[in-house]
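all I have is the shape, not the residue letters:
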């Protein structure tokens, strides 16, 4: 038994050391074929010089999809003078920075909501809040923001920032809220 192991060990080492070429030569396409062998063999189509044991298809590396990152959401408020579509002095200065930020970040959806205080009737305030929304929308379009990205709404005095009784003048309620994403 020891002699058999001594004889088979060099043969095994030779097979391992020579790699697939010796395996190919011992069972490859140049060996005689029989019906029994053909029925047992896997259905490989091998060309000259190939072996079913060493035939490794080239590795397909999937293309990494390009990641598109959406800009972080952005929101701002601009305030108006009483009964006007004109900004307060502070908002007039801020508006240019806000418009530039929106233009630079290329948002695909911009929502503008106009608001008023409670100093006039509900119907009047709703119409005024719509005019304020339209004013900011037109400012953004003039600044270079695509019109199809901008939606407007008129909230009138229904969503007050500062809760006040009817007929109260409050500058923080006379605003336009801009939300972009």
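Sure thing, it's come through. Treat the numbers as computed from the prediction; the structure is a model and nothing was measured.

burial count for residue 166?
Applying other CB atoms under 10 Å, we find 11 residues neighbouring residue 166. Every C-beta, even on glycine, is put in place using the N, C-alpha and C of the backbone.

list the buried residues of stretch 140-160.
Buried residues in stretch 140-160, counted by 16 or more other CB atoms under 10 Å: 140, 145, 149, 150, 152, 154, 155, 156, 157, 160.

for the last one, give me its contacts.
Taking CB atoms under 8 Å, 6 or more residues apart in numbering as the definition of contact, the neighbours of residue 160 are 115, 117, 118, 170, 173.

hmm, which of the residues you listed are the buried ones?
115, 117, 118, 170, 173.

contact partners for residue 158?
Counting by CB under 8 Å, 6+ apart, there are no residues that residue 158 touches.

quick one: it and residue 90, what's the gap?
25 Å (CB to CB, to the nearest Å).

ok, which stretches of this structure are strands?
Taking DSSP state E, the strands of the chain run over residues 74-79, 110-115, 150-156, 175-180.

list the neighbours of the first one that are in contact with it.
So the one you mean is strand 74-79. Contacts for strand 74-79 (CB under 8 Å, 6+ apart): 87-88, 90-91, 94-95, 98, 101-102, 105, 107, 136, 171-172, 174-181.
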